[in-house]
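Trainee: all I have is the shape, not the residue letters:
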């Protein structure tokens, strides 16, 4: 048996055995079960979950008249989503797509994204989520690594595709307009977009390769969709990860992985009347696993809608959009919350209908959470997850009154073990690597059996690379990334802790902490800071840190920036900050 298959089989067997017989993992090893909210079970019924195609079929039938996607002041209903997704699927099949073939989707948050995801899945394909801001080199690398035969891309990024074509083999490229799928108003949106898109480089694709999305839907609507037998273990997504730490690799996520995480999350959060229509602000890009599962699939399953924010970096436009809608849920990262609370027109947004707010992707700073609570009256419910875990592993209880600073409790059917460098569990309260086992854990890394083997323990736990401690009640608190830890004269310094302190300075807008080589101490702490008040000096920042941190944790250097480098999701790229520092 192939090495990756051995690892996958071992992890799956361990999960299946625990699901059939919870007694193999005594409650004494899962103290969080005693703290579960009322009505939340210890286990989910994995065998009955079905596939994402089942989710699609049920939702477009049950919620046909409800809005599925809200964008550009227009609505895409579930019925329209169903019709368009089936048309796309029929076109892909007519073009030769076979079960298991990969289709890359390179779109921002526009309505066609929802159509593309479901169209590929019901045709039997595997989605390769691709960042539309990729350079030609990155685009080429991901298409070649995944073996994608088709690419669905926003026409704004056609020049990137054109530059990649000499080095990739694609059967067809589908060009999407931002308003595609929205009928007559969508065509108007497309015309307006093309009129103002003067900064986009011109491009030319080979004749016969490219086809407009509208033509695809027209052609596909005239063809019959061939039924494809989709099994829960079939591959649904190649979800690339590692962009903030190194070379990207694809987590293989099955229909079962995603469906399990949707079920786990809905059990945790859904206590309201299901007849109430819910609306999730979807500012995080759908190609990122957090938004894909927590906003898209979770809300599609329950008949909710996604309020799409195509460009969250346009802060003025985002606030204007939020002021026009009633939304019940907001998922975000620390930088998104920070941007919103500091926007001069945030007072025009009505937060009174919010049911819950979830923070993830990176640690939410306490100073940001407290300002958010003061502004909106809502507590940020922090959670934790990774691409490899579909993504949610832990989350705080819904309805909590105050920000906890923890990542909460493991979801049902999820085991979390804190382990030392040798792979042995450590006692509660001691830091160690978070290791996860559950039905949401990936099948492995695509075409990387050695990476898969390194990431899994012998007993089927996924090694996350994150450091945390387990508290007495079973909550977990993140310490930091193992790779980001700074070693100063033999003492561990965790950037998250220092950043949390610096963020409380009234003159600091945002900050990031990294380590740099130092002859005396091995490494030193360096703070990268963006100021709200430009009169604040580096010495003032260091003096503030000394009031709350022991000496070796205080930044030796403070570097001022206009902005910090971030991923498109809003995670600060500490690696880039480390790379630009000279040795000291």
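Mentor: Everything's here; your move. Please read all numbers here as calculations on a predicted model, not as lab measurements.
Trainee: ok, the nearest residue to residue 84 once chain neighbours are set aside - contacts?
Mentor: If the residues on either side of it in the chain are set aside, residue 84 comes closest to residue 115, at 4.5 Å by C-beta to C-beta, 6 or more residues apart in numbering. Placement of C-beta: from N, CA and C, glycine included. Taking C-beta atoms under 8 Å, 6 or more residues apart in numbering, we find residue 115 in contact with 81, 84, 85, 88, 181, 217.
Trainee: residue 570 reaches residue 335, doesn't it?
Mentor: Yes: counting by C-beta atoms under 8 Å, residue 570 does reach residue 335; the two are 3.8 Å apart.
Trainee: for my notes, please list the contacts of residue 115 in CSV and give pLDDT and neighbour count for each entry.
Mentor: Listed next are the contacts of residue 115 as CSV, based on pLDDT from 0 to 100; neighbours: other C-beta atoms under 10 Å:
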residue, pLDDT, neighbour count
81, 98, 25
84, 98, 25
85, 98, 26
88, 98, 29
181, 91, 26
217, 98, 23
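Trainee: give me the subset of these lying in helices.
Mentor: 81, 84, 85, 88, 217 (DSSP state H).
Trainee: can you pick out the most distant pair from the contacts of residue 115?
Mentor: Between any two of those, the greatest separation by C-beta to C-beta is 11.7 Å, found for 81 and 217.
Trainee: so which of the contacts of residue 115 comes closest to residue 524?
Mentor: The closest of the contacts of residue 115, once distances to residue 524 are taken by C-beta to C-beta, is residue 181, at 52.3 Å.
Trainee: so what's that closest one up against?
Mentor: Taking C-beta under 8 Å, 6+ apart, one finds 69, 76, 80, 84, 110, 111, 112, 115, 213, 217 in contact with residue 181.
Trainee: mind listing which of the residues you listed are in helices?
Mentor: Using DSSP H, the contacts of residue 181 in helices are 80, 84, 111, 112, 115, 213, 217.
Trainee: between those, which is nearest residue 206?
Mentor: Using C-beta to C-beta, the shortest approach to residue 206 within the ones in helices among the contacts of residue 181 belongs to residue 213, at 18.1 Å.
Trainee: and the pLDDT at the closest residue to residue 87 other than its chain neighbours?
Mentor: Closest residue to residue 87 apart from its sequence neighbours, by C-beta to C-beta, 6+ apart: residue 220 at 3.5 Å. At residue 220, the model reports a pLDDT of 98.
Trainee: residues near the residue nearest to residue 108 when sequence neighbours are not counted, how many?
Mentor: Leaving out its chain neighbours, the residue that sits closest to residue 108 by C-beta to C-beta, 6+ apart is residue 310, at 4.9 Å. Residue 310: 21 surrounding residues under other C-beta atoms under 10 Å.
Trainee: cool, and residue 92?
Mentor: Residue 92 - counted by other C-beta under 10 Å - has 29 other residues nearby.
Trainee: contacting residues around the helix or strand where it lies?
Mentor: Following DSSP states H and E, one finds residue 92 within helix 78-94. With contact meaning C-beta under 8 Å, 6+ apart, helix 78-94 is reached by 56, 59-61, 63-69, 103, 114-116, 118-120, 122-125, 150, 181, 216-221, 223-226, 303.
Trainee: and those residues, which are buried?
Mentor: For the contacts of helix 78-94, burial is judged from neighbour counts taken by 16 or more other C-beta atoms under 10 Å, and it is met by 56, 59-60, 63, 66-69, 103, 114-116, 118-120, 122-125, 150, 181, 216-217, 219-220, 225, 303.
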